[in-house]
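*Asks:* The following block contains a protein sequence and its predicted model.
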Amino acid sequence: MNRIPSASSSPPAAWIAGAWNHPVHAWISVPVRLVVGVTFLIAAWPKLVAPEDFAWSIAMYQMMTPKYVHLLAIILPVVELVTAITFIAGFRVRGAAVVMCGMLVMFIVALAYAFIHDIEMTSCGCFTPAGAKALSEHKETVGTSLLWRDIWMLLACGYVWLFDTGRWGLDGWFAHRRRRSSKHA
Amino acid sequence: MLLHPVPLSRENNPMTDPVIEKSNSPSARDVIPWRELVVAWRDAALLVVLSTVAALAFNFLRSDGLPLLRYAPFDLLGPCPEIADEIPRISPDKLRPGDPNLIIVDVRLAWDFLEGHLPGAWFLPMYETAPLDEAVVARLREAKPGTRIVLTGAAGTATAERALTALSGQGLRGLHVLEGGVEAWVARKRPLEVLTIPMLVKEVAKSGNIYIDARDDEAFEDGHRDGAIHLPFDDLLPPDPETLARLQEVKGHPLVVYAGTPVPPRLGGARPVHPAYGVAAELVARGFRNVSILGEPYLGRTRGSDPEEVPSTEGTPVEGAPGGAP
């Protein structure tokens, strides 16, 4: 009858599915989305304002050939901004969460690389772009606290991807309107 | 009885929430939303693609947008030049004049520059004894980050390499030397820009003309044309910057360069360079237009004096009247 392989066939699976779709997730994910989204907004803004300074930050990690650094410096802040806005607004929340996870994995890899190789840099380029400053002026190495921060945000975004239905956001609002119009029809 | 209660509704609204959509149906709440989780990846790809397009458009429109590719390294280690023994070179085949991320700089002297330089090349002569022109270096420094700066010189490229070392010492990056110099460019039949200077065979009396005396100090002090500006010819040093500044002020007027010996009919290519041509070339290469060369040599001391009179010999007191010496 029901072609979808229903999880209700066995009691533990039914329990997992029930917990997965529990309405409480829609409530928990709202503050999570706000915190992570606002963090990304704050991080994206200075990079958008000064793309060249951000290019220097990327170059400091010494992971890319300088030739393509500008491309990343141009594209990444806009991706951060757009994703942060859709994330907060709850529009295609799960898609935005996947993009955020991707970016955070990238950041974690970069920070870990800098941490392992003891790369000296003027700043991690997370919130304030380094700018065209020589290392002789100011240097520090990446600490693990930055890594932990990004890992926590990655977990949060993973949670949103898995459990947020977008009920409290544009997704939910669109679904609500659709339901109402189909009822009237 | 519905055959496909859940899939049908999801087919129509892939992004809708199964909990909201099917809040009355217990079956929807019992299913892990695999479809939503997968559709999220499609949405993520769309988001990234759209953001990338927006980012590129934004970068294109903004005034301080970055060039997409960067040809200069990031100077992460401070102002010390890292190119000590390896000079970056570029083949003439790879050089595309007109690329907005490329600046071609010609380091040869003015008369070579006039005879043919790469299209759009800047003039930054590398003299034997003088430092590089600060104004041009400052303009190079203002170039967009990541701009490739290609130095073109003669076939030997020794001068271009010297210029590269000097410029990298001043903190410029993205410097390259053109392999084989301008000669290699010509050998590949690529276009050159040539500047010519008209020659006046005889003097045409015109009120607006400004005369430039290319003879040496001694000859000038002995006598010169009325109101002539002294700019002696020197192939080891750039022209006096103060004199150039004075000439900038009268840029609208025709500039006529004269010397003490007859100018050969064929100007370019002759070595050694004729002083009048040398000075005129310096001016034209620096952007002065309306420059011409007077073919007639200047022999007399002052205007109207006997043209047969040879400028006085050394040691003659200047304060005496012309011809007053025994």
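*Replies:* Thanks, I have it. These numbers come from a predicted model, not from an experiment. Numbers count the residues shown, from 1 in each chain, chains lettered A, B, ... in the order given.

*Asks:* low pLDDT regions in chain B?
*Replies:* Regions of chain B meeting the criterion pLDDT under 70 cover residues B:1-30, B:75-85, B:204-206, B:266-270, B:300-326.

*Asks:* most residues in a single helix of chain A, which one?
*Replies:* Of all the segments of type helix in chain A, defined by DSSP state H, the longest one is helix A:24-49.

*Asks:* What's the first helix or strand after that one?
*Replies:* Under the assignment DSSP states H and E, the closest C-terminal helix or strand after helix A:24-49 is helix A:51-60.

*Asks:* Briefly note if that next one comes near chain B.
*Replies:* Yes: Helix A:51-60 is in contact with chain B by Cβ under 8 Å from any Cβ of the partner chain, via A:51-52, A:55-56, A:59-60. Where you see a C-beta, it was placed from the backbone N, CA and C, and this is true even at glycine.

*Asks:* In chain A, which residue sits nearest chain B?
*Replies:* In chain A, the residue found nearest to chain B is A:G95; the distance is 2.4 Å by Cβ to the nearest Cβ.

*Asks:* Next up, the contacts around that residue.
*Replies:* Contacts for A:G95 were tallied using Cβ atoms under 8 Å, 6 or more residues apart in numbering or on different chains; they are A:86, B:39-44, B:46-47.

*Asks:* Emit the PyMOL select command for whichever of the residues you listed are buried.
*Replies:* What follows is the PyMOL syntax selecting those of the contacts of A:G95 that are buried according to 16 or more other Cβ atoms under 10 Å in any protein chain shown:
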select buried, (chain A and resi 86) or (chain B and resi 39+40+43+44+47)
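
*Asks:* In helices, which of the contacts of A:G95 fall?
*Replies:* Restricting the contacts of A:G95 to those inside helices, with DSSP H as the criterion, leaves A:86, B:39-44, B:46-47.

*Asks:* Export those to CSV and append columns for distance to B:P131.
*Replies:* Formatted as CSV, the ones in helices among the contacts of A:G95 follow (distance: Cβ to Cβ, whole Å):
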residue, distance to B:P131
A:T86, 56
B:V39, 65
B:A40, 61
B:W41, 59
B:R42, 61
B:D43, 59
B:A44, 56
B:L46, 56
B:L47, 53
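
*Asks:* Helix or strand: which one has the residue nearest the centre of chain A?
*Replies:* The residue lying closest to the centre of chain A (Cα atoms, centre = their mean) is A:M100, at 2.3 Å. Under the criterion DSSP H and E, the helix or strand holding A:M100 is helix A:93-116.

*Asks:* Would you mind getting the angle between that helix and helix A:51-60?
*Replies:* Angle, helix A:93-116 to helix A:51-60, by axes from the mean of the first three to the mean of the last three Cα atoms, to 10 degrees: 60 degrees.

*Asks:* what ranges do the strands span in the stretch 201-326 of chain B?
*Replies:* Here the stretch 201-326 of chain B has its strands, by DSSP state E, counting those that start in this stretch, at B:210-213, B:229-230, B:255-258, B:291-294.

*Asks:* How far off centre is the first one?
*Replies:* In this case it means strand B:210-213. The offset between the C-alpha centroid of strand B:210-213 and the centroid of the whole chain comes to 27 Å, using Cα atoms, centre = their mean, to the nearest Å.

*Asks:* Only alpha carbons, please: show that strand as PDB.
*Replies:* The C-alpha coordinates for strand B:210-213 follow below in PDB (Å, rounded to 0.1, in the frame of the first residue of the first chain):
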ATOM      1  CA  ILE B 210      60.000  77.900 -27.600                       C
ATOM      2  CA  TYR B 211      63.500  77.000 -28.400                       C
ATOM      3  CA  ILE B 212      65.400  74.300 -26.500                       C
ATOM      4  CA  ASP B 213      69.200  74.400 -26.600                       C
END
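
*Asks:* quick one: strands adjacent to it?
*Replies:* Applying DSSP bridges to the sheet, strand B:210-213 is found paired with strand B:229-230 (parallel), strand B:255-258 (parallel).

*Asks:* Tell me which of those sits most buried.
*Replies:* Among the strands paired with strand B:210-213, the stretch with the highest mean neighbour count (mean count of other Cβ atoms under 10 Å in any protein chain shown) is strand B:255-258, at a mean of 25.

*Asks:* Which element, helix or strand, includes B:I149?
*Replies:* Using DSSP H and E, B:I149 sits in strand B:148-152.
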